[in-house]
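my questions are about this predicted structure, shown below with the sequence.
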Amino acid sequence: MQVSVPTIPESAPFTLEQRAWLNGYFAGLFSRGPTMAGVPASRDSATALVPLTILFGSQTGTAERLAKRSAKEAGKRGFAATVLDMAQTDLAKLSSEKNILIIVSTYGEGEPPDNAKSLLTAFRKGTALSLAGLRFSVCSLGDRNYVHFCQCGKDFDALLEKHGANRVFLRADCDVEYDAAFTKWLDAALAAFGSGTAPAHLTAPALDAAEPGEPDSKYSKNYPFPALLLTSRKLNGEGSSKEVRHIELSLEDSDLRYEAGDALGVVPQNCTELVNDVLATLGCDGEEAVTAPDGTATSLRHALTVHYDLGKPTPELVDAFSPRANVSNVTTQAVAPHHVIDVLLAYPETKFAPAIFVGLLKKLQPRLYSISSSPKAHPGQVHLTVGAVRYESASRSRKGVCSTFLADRNIPGESHVGVYVHRNKAFRPPTNGDAPMIMVGPGTGIAPFRAFLEERQASGAKGKNWLFFGDQRSTTDYLYREQLDEMLRNGALTRLDTAFSRDQPEKIYVQNRMLENAAELYAWLEAGACFYVCGDASRMAKDVDAALHRVIETAGGKTTEQAAEYVEMLRTTKRYQRDVY
Ligand SMILES: Cc1cc2nc3c(=O)[nH]c(=O)nc-3n(C[C@H](O)[C@H](O)[C@H](O)COP(=O)(O)OP(=O)(O)OC[C@H]3O[C@@H](n4cnc5c(N)ncnc54)[C@H](O)[C@@H]3O)c2cc1C
Ligand SMILES: Cc1cc2nc3c(=O)[nH]c(=O)nc-3n(C[C@H](O)[C@H](O)[C@H](O)COP(=O)(O)O)c2cc1C
């Protein structure tokens, strides 16, 4: 049975050190295994425990959960460990710390997650800062598919060093399959901090069976629930250049629970035609024996369909097929092979044994989708709003793996899709049902706001709700129009402002609507509204952020600096929350 470890709330009347000691004491007391009673009981004085603060910077909760897991492990090893959200600390507090572990993810184009933004900015500005007494180690979470791999962790690592802090153990840069790298880092970093109490027989910390993000359920990323597809309905009208689908899945007979704001992990399979093309270029019939990433034996066809990623090639694959090319450049240049099939087609004379070939591929990863239903409104079901990714590149038509798996290769009432819940605690409707809520969700960004609105309606929350929605054309791309109209009629939605970019000669986006309504938007913020953004991270979320600053400047009569402080206040009080991708 999983025992939850109590922690001292930040509002409790203790200093950081006292809280650290108490949290470490609880972590030790409630932990399982050979040190369960041993560590706290064998110590009769608090001074024997080594203080350790574990700071996390996290957007979708992975770093936060790994930080909590680290605290449990540290507690077992004689540390007084406390977990701290980066948004809840500043340089002054940090300079009084002795030992810190940083676990931080990266977003956008090498940017920090929202809760790490102000701390990273403060570090960058802190010219006179000296952290000579501070010992640290950084674990950076990221994804090698991004150009700025693990950039935020690299930035914290470099800035801590620059300000005189002492790196006790080298930074770990973890890819999406982070378990092994994280475990190794934590084990070595804790040893390097030298509590002197780690019993020799203690192995590296075992990760819980459930992956981070899958709460209280036996189903996880590695053990997904086969959910029956109930509905797959195109939301766009005839003539639209978009294909967004409303997907309904049954959670009956599972123990999966979710809240509005959570995401659903979907385990996809590669397209059969693409697998056939890869087999043909390899000169294989698919029956060849290979090993799956978990070490089990399977056929090449099955492995290429369910286990291995046929998207962006790994540097190892590029190197193996084109050894004379400069690998580090090849994968980042415009001429880089887009997908695995492009490498195979570019070097048709190069052949590898199937077992060697799959060893050059990455594991196929699940995709996350913001849940677009409230469990209160649709018991036993989960709904998604999925944009099918289809495009042409190098004279080949390409399909997004998971979005077209959902759109094309599943039959409602028959097919089952592997899913798990990815909890997103940093993205929730206001806990106070009377608080106003402003939601900006163009395109598929509307998904969680359908869930928020259904949730507030089902729970009878009285707070006002304002939605900004946008897309290309009102006639074909007005997602969930009937439901939104009904919500306007029955008062569940107080205000709806739409921006259809192609309905008129000039482009109009949600950020334009925000600026047009600056006075009222600012009045809502002053009345305590929470401000939410969901959807495209590359342009929309940045433009909306800039518009929010501008609204506060113009309607609030503030300078640029004061507006930035106001936005920072919204962020740290969790009244500015984003779910952007
Ligand atoms: C927390 C979170 C919530 C999300 N919520 C939603 C949601 O509610 N709805 C939703 O639809 N998606 C959502 N996503 C995105 C989703 O997870 C997938 O990334 C998306 O569906 C694409 O996955 P895919 O497997 O279909 O495409 P992939 O096979 O992963 O291909 C996508 C890649 O193809 C390339 N590409 C795409 N278009 C082009 C082009 N025109 N030219 C060249 N290259 C191109 C890009 O490299 C892109 O990264 C969310 C993501 C996150 C992290
Ligand atoms: C929209 C988006 C952008 C991302 N950008 C980067 C990036 O630039 N570099 C990187 O290494 N990882 C990037 N990642 C991967 C995340 O850092 C990684 O999934 C991490 O484990 C998430 O941790 P968190 O849940 O604690 O936020 C990105 C992920 C998403 C969804």
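Looks like it came in fine. Ligands and ions are numbered 1, 2, ... in the order given.

and the residue in the stretch 251-400 of the chain positioned nearest to ligand 2, bridged to which residues?
Nearest to ligand 2 in the stretch 251-400 of the chain, going by Cβ to the nearest ligand atom, is L368, at a distance of 7.2 Å. The C-beta positions use only the backbone N, C-alpha and C, and glycine is treated the same way. The partner list for L368 in beta bridges (DSSP bridges) reads G265.

that one: neighbouring residues, count only.
Neighbour count for L368, taken as other Cβ atoms under 10 Å: 19.

cool, L282 as well?
18.

hmm, it is touching K351, no?
Yes: using Cβ atoms under 8 Å, L282 is in contact with K351, at 7.3 Å.

grab the nearest non-local neighbour of whichever residue of the chain sits closest to ligand 2.
Closest to ligand 2 within the chain is G142: 2.3 Å, counting by Cβ to the nearest ligand atom. The shortest distance from G142 to any non-neighbouring residue, by Cβ to Cβ, 6 or more residues apart in numbering, is to C150 (3.7 Å).

show me the contacts for the one you found.
The contact partners of C150, by Cβ atoms under 8 Å, 6 or more residues apart in numbering, come to 106, 140-142, 173-174.

which of those fall within strands?
140-141, 173-174 (DSSP state E).

how about these, which pair is most distant?
L141 and D173 (8.6 Å; Cβ to Cβ).

contact residues of the stretch 451-581 of the chain facing ligand 1?
Proximity of the stretch 451-581 of the chain to ligand 1, by Cβ under 6 Å from any ligand atom, involves residues 579, 581.

can you pull out the strands in the stretch 451-581 of the chain?
Using DSSP state E, counting those that start in this stretch, the strands of the stretch 451-581 of the chain run over residues 465-471, 495-500, 530-535, 576-580.

got CSV for the ones you listed, with distance to G126, mean neighbour count and mean pLDDT too?
Shown next, in CSV, are the strands of the stretch 451-581 of the chain (distance: least, Cβ to Cβ, whole Å; neighbours: other Cβ atoms under 10 Å; pLDDT from 0 to 100):
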stretch, distance to G126, mean neighbour count, mean pLDDT
strand 465-471, 36, 25, 98
strand 495-500, 40, 18, 98
strand 530-535, 28, 26, 98
strand 576-580, 24, 22, 96
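
how about low-confidence regions in the stretch 101-250 of the chain?
Applying pLDDT under 70 to the stretch 101-250 of the chain flags the ranges 195-215.

identify the residue spatially nearest to M514, adjacent ones excluded.
Nearest one to M514, counting by Cβ to Cβ, 6+ apart, is A547 at 4.5 Å.

among the contacts of C150, which ones lie close to ligand 1?
Among the contacts of C150, no residue sits close to ligand 1 (Cβ under 6 Å from any ligand atom).

hey, which helix or strand in this protein has the poorest pLDDT?
Ranked by mean pLDDT, DSSP states H and E, the weakest helix or strand in the chain is helix 38-41, scoring a mean of 37.

returning to that earlier point: shared neighbours, L141 and D173?
Joint contacts of L141 and D173 (Cβ under 8 Å, 6+ apart) are 150, 153.

neighbour count winner among those two?
L141 (27 against 21).

got the residue ranges for the helices in the stretch 301-450 of the chain?
315-321, 327-330, 340-346, 354-358, 401-408, 447-459 (DSSP state H, counting those that start in this stretch).

which strands and helices sit next to the third one?
Identification of packing neighbours for helix 340-346 by 3 or more Cβ pairs under 8 Å, 6 or more residues apart in numbering; DSSP states H and E yields helix 272-282, helix 315-321.

can you point out the buried residues in the last one?
Put plainly, it is helix 315-321. Residues of helix 315-321 classed as buried: 317-321 (neighbour count, 16 or more other Cβ atoms under 10 Å).

then stretch 75-89?
If you call a residue buried by 16+ other Cβ under 10 Å, then stretch 75-89 has these buried ones: 75-87, 89.

surely S217 is within a helix?
No: under the criterion used here (DSSP: H, G, I helix; E, B strand; the rest coil), S217 is coil, not part of a helix.

tell me the contacts of it?
Listed by Cβ under 8 Å, 6+ apart, the contact set of S217 reads 210, 225, 254-257, 420-421.

which one in those is the model shakiest on?
Comparing pLDDT over the contacts of S217, the lowest score belongs to A210 (44).

ranges for the helices of the stretch 51-200 of the chain?
Using DSSP H, counting those that start in this stretch, helices in the stretch 51-200 of the chain cover 62-76, 91-95, 117-125, 151-162, 179-193.

most neighbours per residue, which of these?
Of all the helices of the stretch 51-200 of the chain, helix 62-76 has the most neighbours on average by mean count of other Cβ atoms under 10 Å, namely a mean of 25.

what about that helix, near ligand 2?
Yes: using Cβ under 6 Å from any ligand atom, helix 62-76 comes into contact with ligand 2 via 62-63.

for that helix, which helices and strands make contact with it?
Packing partners of helix 62-76 (3+ Cβ pairs under 8 Å, 6+ apart): helix 16-30, strand 50-57, strand 79-85, strand 99-105, strand 135-141, helix 179-193.

sorry, back to before: the residue of the chain closest to ligand 2 against V104, yeah?
No: the pair G142 / V104 is not scored as a contact, 9.4 Å apart, by Cβ under 8 Å.

got any residues that touch both of those two?
Between them, G142 and V104 share the contacting residues 152-153, judged by Cβ under 8 Å, 6+ apart.

pick out the residue nearest the middle of this protein.
For the chain, T60 is the residue whose C-alpha lies nearest the centre (Cα atoms, centre = their mean; 3.5 Å).

how many neighbours does R367 have?
As a burial measure, R367 scores 18 neighbours (other Cβ under 10 Å).

who's in contact with the nearest residue to it once chain neighbours are set aside?
Leaving out its chain neighbours, the residue that sits closest to R367 by Cβ to Cβ, 6+ apart is C402, at 3.9 Å. Counting by Cβ under 8 Å, 6+ apart, C402 makes contact with 266, 268, 366-367.

S395 now?
By Cβ under 8 Å, 6+ apart, no residues touch S395.

now the one 4 residues further on
When contacts are counted by Cβ under 8 Å, 6+ apart, K399 touches 271, 274, 388-390, 408.

contacts with ligand 1 among the residues you listed, please.
Okay, of these touching ligand 1 (Cβ under 6 Å from any ligand atom), that's V389.

now a ChimeraX select for only the buried ones of the contacts of K399.
Here is the ChimeraX command that selects the buried residues among those (16+ other Cβ under 10 Å):
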select :271,274,388
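
and of the contacts of K399, the nearest to ligand 1?
Proximity of those to ligand 1 (Cβ to the nearest ligand atom) peaks at V389, which lies at 4.3 Å.

and that closest one, how far from K242?
V389 sits 11 Å away from K242, taking Cβ to Cβ, to the nearest Å as the criterion.

one step back: closest to T231 out of the contacts of C402?
Within the contacts of C402, proximity to T231 (Cβ to Cβ) peaks at V266, which comes in at 15.1 Å.

contacting residues for the closest one?
366-369, 384, 402, 405-406, 417-419.

of these, which is the most crowded?
Neighbour max across the contacts of V266 (other Cβ under 10 Å) = Y369, 26 neighbours.

my guess is it contacts A263. True?
Yes: between Y369 and A263 there is a contact at 6.0 Å, judged by Cβ under 8 Å.

list the buried residues for stretch 413-423?
415, 417-423.

so that stretch, near ligand 2 or not?
No: between stretch 413-423 and ligand 2, judged by Cβ under 6 Å from any ligand atom, nothing touches; the nearest distance is 8.5 Å.

please see if that stretch touches ligand 1.
No: Stretch 413-423 lies out of reach of ligand 1 by Cβ under 6 Å from any ligand atom, never closer than 7.4 Å.
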